[in-house]
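[1] fold the following, please.
(chains A and B)
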2 protein chains.
Amino acid sequence: MAAFSFVCVECGARFDEREVRYVCPACAAQQVTGTATRGVLRVELDEPPRRWPEAPLHSPEGLARFLPVHAAFVPPLTVGGTPLLPVPRLRRELGLRRLWLKDDGRNPSGSTKDRASLLVVAKALEYGYDTVATASTGNAASALAAVAAAAALRAVVFVPAAAPQAKLVQIAAYGAMLVPVTGSYDDAFELSLAACERFGWYNRNTAFNPFTIEGKKTAAHEIAADLAPEAPDVVLVPTGDGVVIAGVAKGFADLVRGGLIERVPRLIAVQPAGSAAIARALRDGAAEVTPVPGATSVADSLVVNAPRNAILALREVRASGGSGVIVSDEAIVAAIARLAAATGVFAEPAAAAVLAGLEAALEEGLVGRDERVVLLVTGTGLKDVAAAARAVSMPEPVPADLDAVAERLAGGVG
Amino acid sequence: MAAFSFVCVECGARFDEREVRYVCPACAAQQVTGTATRGVLRVELDEPPRRWPEAPLHSPEGLARFLPVHAAFVPPLTVGGTPLLPVPRLRRELGLRRLWLKDDGRNPSGSTKDRASLLVVAKALEYGYDTVATASTGNAASALAAVAAAAALRAVVFVPAAAPQAKLVQIAAYGAMLVPVTGSYDDAFELSLAACERFGWYNRNTAFNPFTIEGKKTAAHEIAADLAPEAPDVVLVPTGDGVVIAGVAKGFADLVRGGLIERVPRLIAVQPAGSAAIARALRDGAAEVTPVPGATSVADSLVVNAPRNAILALREVRASGGSGVIVSDEAIVAAIARLAAATGVFAEPAAAAVLAGLEAALEEGLVGRDERVVLLVTGTGLKDVAAAARAVSMPEPVPADLDAVAERLAGGVG
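    Predicted coordinates for the structure are as follows:
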């Protein structure tokens, strides 16, 4: 296990890791902004890793070298190790010679959230909990449910009742206790915090539990290892609460500290127009984000009124020299089909948004055509087929007759 | 590229590989049984691989060592390299100490069919085609559409109009020309054969194109490599047309020829009661399968009236000392939730059927509790959420109120 401390983002206080901590004992009052509770603790490794492990990065041994976790507690479900694809056809279409796509939809529950859940469940096992709970727009809940199932822990998940059906069914299939909440993700978040406190559950809430950011570091480690000895210049990341992008930033920062790469790539936060608190603050140069009550988008995974991890996300993106881009729902829907047809990777709206974001960033001059660019595709399109259906036209059936096929071909349908 | 010949399963004739072949010139008349056209050619490597490659098995270099393909033609989409999971919780539940699950739902389009499509598209590129076509119950079509998209080839796919919506949307998103056919998979199959002939397309039809079986070998190679120096005693495989199980058999057989394992494990074909032609022939000791007109099952991927690869499947399963098991749709639906909750792997009905099959095989004494058993999980549950919804009960939403949560907990819902 990589030894570590907790450090408070607000006041800089440092605490050792012998007990479970979500909140800073030195400045606890600062954790609530309006109605939104947010996390302020950050994990800091005592010693950054200075060489790549012999074992694969996503194996228990590899993880224990780069994360604050014992190999013995890593749940028996392979997370990460997803491919970094060279996407030649998309390169040609966009005129980018050095573009890669990290397909994190290949994780066990179909999203990058599995990375955070793997670490959190490992810590729950280490700390002796039998139940882990979280609120989620859907993917973090599926991820927790999947990893907890493999580890034989109980999962309790709070999701907006309006989450896509596929995500709700998937969560229930994993045997988690599913609590659909009448209200927004933000409502579900506050409710889950209170429930953890009342019932003594381990709390996996994103940004609140510092290990959620820490677990997502591994996407950055894998990108850097696969590109080594080169390193990416820019990484685009779909952004909601700001946890994935902060985790990716931290993953690269650890590698810089250890001398494995020279610098953190510029990080570009991609947000939908209807839920763009972080990207807007980045573009406006604002010190803090302004919450967006009634946030909405086809990219359900990115819809938050008050991003829980805004402080760190703003700080890390700015430190990287990066920025934010804002894309419309129309552009996101179109990007689902465009990405699938150009790469063979079928992504959910939140994940396909990264392609729309790249196009916007190219147009705005935020990304150069000679740069090494990586798109983080955060979840599979099978998570939200209804959204994908908006991106394609479904042809009428034909009778089993060759002339009917010839006629269809002549019509150019498809 | 591993050099090879085509060998006719019917008459034993052997042909070199310099041209595209689907049919045996020596005994072409035998290819039609009733209304079902089937393939009879088999790929035979001149020299079996005698050691594991340095590169990962699923890399272009690894594939070129074990398959009849040039590394340069392997499409730029990572297929295979899926995890072999030790599933400790399911081991405890079933009293099996040495059980593994091969999660092939992690392939790019979400099913094991990607393995066949990778090889077929590589051959289409090598032979200079610009269009590849297939009929499919859904997964082979998604697979072809995904791999063809990455390789910038056109895909034309014929599917029963009643295929699950997720599969149809996914195929359309990849940009394939989708031809939903009013009729069964068998109707779509015959139509696609005729269309390939008329329009000069490369034909990826399963069992008909010998490379479909050949491509599926890689699942066996990966299982053997991951378990080495041990080897599985039994592998259970969901079975429809009989192509996956024949491919798995051939993969193990190649390793036996090359001395990398001692023997082909016993193969057990798992079929749903409503579409069990191959399993029934295996159980009855019949020389040929009897087609099942009007075949039907919740496991849509396994529904065929006349299995296209019955001859080889029967021969290979029998040669391995294996057998067939037949499971009900109720057992399949229950297995979706059971598998997900015990392993963290959410499978589509056809894939979850393999757990129902294992339980049947244990009961019938076909599998011993001390044996090394591998379950091939062929597709992700996100492919068919409607079926999974039958396996779980969806709780009613609660208001965002802690007492409501306490009440829900007391009720034990979930």
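[2] what parts of the stretch 101-250 of chain A come near chain B?
    A:103, A:106, A:108-110, A:146-150, A:152, A:156, A:161, A:165-166, A:168-170, A:172-183, A:187-188, A:190-191, A:194-195, A:198-199 (C-beta under 8 Å from any C-beta of the partner chain). Where C-beta positions appear, they are placed from N, C-alpha and C, glycine not excepted.
[3] just the buried members of those?
    Burial of these was assessed by neighbour count (16 or more other C-beta atoms under 10 Å in any protein chain shown); the buried members are A:103, A:106, A:108-110, A:146-150, A:156, A:165-166, A:168-170, A:172-183, A:187-188, A:190-191, A:195.
[4] among those, which lie within helices?
    In helices, defined here by DSSP state H, the members of these are A:146-150, A:165-166, A:168-170, A:172-173, A:187-188, A:190-191, A:195.
[5] my guess is A:A150 contacts B:A340. True?
    No - contact criterion C-beta atoms under 8 Å: A:A150 and B:A340 do not qualify, at 9.9 Å.
[6] and the strands in the stretch 201-350 of chain A, which stretches?
    With DSSP state E, counting those that start in this stretch as the criterion, the stretch 201-350 of chain A has strands at A:202-203, A:234-238, A:266-272, A:323-327.
[7] show me which residues of the stretch 301-414 of chain A sit near chain B.
    A:336-337, A:340-346, A:380-383, A:385, A:388-389, A:391-402, A:405-406, A:408-409, A:413-414.
[8] inside strands: which ones of those residues?
    If you go by DSSP state E, these have A:398-399 in strands.
[9] just the buried residues from the residues of the stretch 301-414 of chain A next to chain B, in ChimeraX please.
    Restricted to buried positions by 16+ other C-beta under 10 Å, the ChimeraX selection for those reads:
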select /A:336,337,340,341,342,343,344,345,346,380,381,382,383,385,388,389,391,392,395,397,398,400,402,405,408,409,414
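[10] which ones among the residues of the stretch 301-414 of chain A next to chain B map onto helices?
    Within those, residues falling in helices by DSSP H are A:336-337, A:340-343, A:385, A:388-389, A:402, A:405-406, A:408-409.
[11] where does pLDDT dip in chain A?
    Within chain A, the stretches with pLDDT under 70 are A:28-39, A:412-414.
[12] mean neighbour count added to the strands of the stretch 201-350 of chain A, as TSV?
    Output for the strands of the stretch 201-350 of chain A, formatted as TSV (neighbours: other C-beta atoms under 10 Å in any protein chain shown):
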stretch	mean neighbour count
strand A:202-203	22
strand A:234-238	28
strand A:266-272	28
strand A:323-327	24
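[13] please report the distance of the closest residue to A:G105 other than its chain neighbours from A:G110.
    For A:G105, ignoring the flanking residues on the chain, the nearest one in space by C-beta to C-beta, 6 or more residues apart in numbering or on different chains is A:T380 at 3.4 Å. Look at A:T380 and A:G110: by C-beta to C-beta, to the nearest Å, they are 4 Å apart.
[14] shared neighbours of those two, anything?
    B:L382 (C-beta atoms under 8 Å, 6 or more residues apart in numbering or on different chains).
[15] for A:E19, helix, strand, or coil?
    coil (DSSP: H, G, I helix; E, B strand; the rest coil).
[16] and it, how many residues sit next to it?
    Residues near A:E19, counting by other C-beta atoms under 10 Å in any protein chain shown, number 8.
[17] again, but for A:K216
    30.
[18] correct me, but it touches A:G251?
    Yes - at 7.3 Å, A:K216 and A:G251 qualify as touching, with contact defined as C-beta under 8 Å.
[19] contacts only, for the closest residue to A:V248 other than its chain neighbours.
    In space, and not counting its chain neighbours, A:V248 is closest to A:A220: 4.6 Å by C-beta to C-beta, 6+ apart. Applying C-beta under 8 Å, 6+ apart, we find A:A220 in contact with A:235, A:247-252, A:255.
[20] how near is A:A220 to B:A146?
    From A:A220 to B:A146 the distance is 26 Å (C-beta to C-beta).
[21] repeat for A:E10
    46 Å.
[22] so what does A:N107 have for phi and psi?
    phi -70, psi 160 (degrees, to the nearest 10).
[23] am I right that it is in contact with A:G80?
    Yes - between A:N107 and A:G80 there is a contact under C-beta under 8 Å: 6.9 Å.
[24] where along the stretch 51-200 of chain A do the strands fall?
    A:84-85, A:99-103, A:131-135, A:154-160, A:177-182.
[25] just to revisit the earlier point, what's the overlap in contacts for A:N107 and A:G80?
    What both A:N107 and A:G80 touch, as defined by C-beta under 8 Å, 6+ apart, is the set A:114-115.
[26] looking at those two, which one has more neighbours?
    Comparing A:N107 with A:G80 by other C-beta under 10 Å, the one with more neighbours is A:N107, at 31 against 24.
[27] the more buried one and A:A406, how far apart?
    Applying C-beta to C-beta to A:N107 and A:A406 gives a distance of 43 Å.
[28] next: A:V325.
    45 Å.
[29] and A:A350, by the same measure?
    A:A350 sits 40 Å away from A:A406, going by C-beta to C-beta.
[30] can you pull the contacts of the residue most central in space within chain A?
    In chain A, the centroid-proximal residue (C-alpha atoms, centre = their mean) is A:V244; its distance is 4.0 Å. Contacts for A:V244 were tallied using C-beta under 8 Å, 6+ apart; they are A:112, A:216, A:219, A:237-238, A:376, A:378.
[31] before we move on, what about A:V374?
    With C-beta under 8 Å, 6+ apart, A:V374 has these contacts: A:84, A:99-102, A:223, A:227, A:232, A:234-236, A:265.
[32] sec struct for it, please.
    Quick answer, by three-state DSSP: A:V374 is strand.
[33] relative to A:V270, how far out is it?
    Taking C-beta to C-beta, one finds A:V374 at 13 Å from A:V270.
[34] what sits in contact with each of the two?
    A:L236.
[35] please convert the strands of the stretch 201-350 of chain A to JSON lines, extending it with distance to B:T290.
    Shown next, in JSON lines, are the strands of the stretch 201-350 of chain A (distance: least, C-beta to C-beta, whole Å):
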{"stretch": "strand A:202-203", "distance to B:T290": "55"}
{"stretch": "strand A:234-238", "distance to B:T290": "52"}
{"stretch": "strand A:266-272", "distance to B:T290": "55"}
{"stretch": "strand A:323-327", "distance to B:T290": "56"}
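[36] quick check: buried residues in stretch A:251-261?
    A:251-255, A:258, A:260-261.
[37] now render the residues you listed as TSV, adding distance to B:T137.
    Below are the buried residues of stretch A:251-261 laid out as TSV (distance: C-beta to C-beta, whole Å):
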residue	distance to B:T137
A:G251	41
A:F252	43
A:A253	48
A:D254	46
A:L255	45
A:G258	49
A:L260	46
A:I261	46
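[38] quick one: which of these is nearest chain B?
    Proximity of the buried residues of stretch A:251-261 to chain B (C-beta to the nearest C-beta) peaks at A:G251, which lies at 20.9 Å.
[39] and the residue lying closest to A:A279 once chain neighbours are set aside, how far from A:R280?
    In space, A:A279 comes closest to A:G324 once its chain neighbours are excluded; the distance is 3.0 Å by C-beta to C-beta, 6+ apart. Using C-beta to C-beta, we find A:G324 at a distance of 7 Å from A:R280.
[40] for the contacts of A:V244, give me a markdown table that also has distance to B:R89.
    As requested, the contacts of A:V244 are arranged in a markdown table below (distance: C-beta to C-beta, whole Å):
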| residue | distance to B:R89 |
| --- | --- |
| A:T112 | 24 |
| A:K216 | 25 |
| A:A219 | 27 |
| A:V237 | 33 |
| A:P238 | 32 |
| A:L376 | 31 |
| A:T378 | 27 |
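[41] you'd agree A:P399 is up against B:T182?
    Yes - with contact defined as C-beta under 8 Å, A:P399 reaches B:T182; the gap is 5.3 Å.
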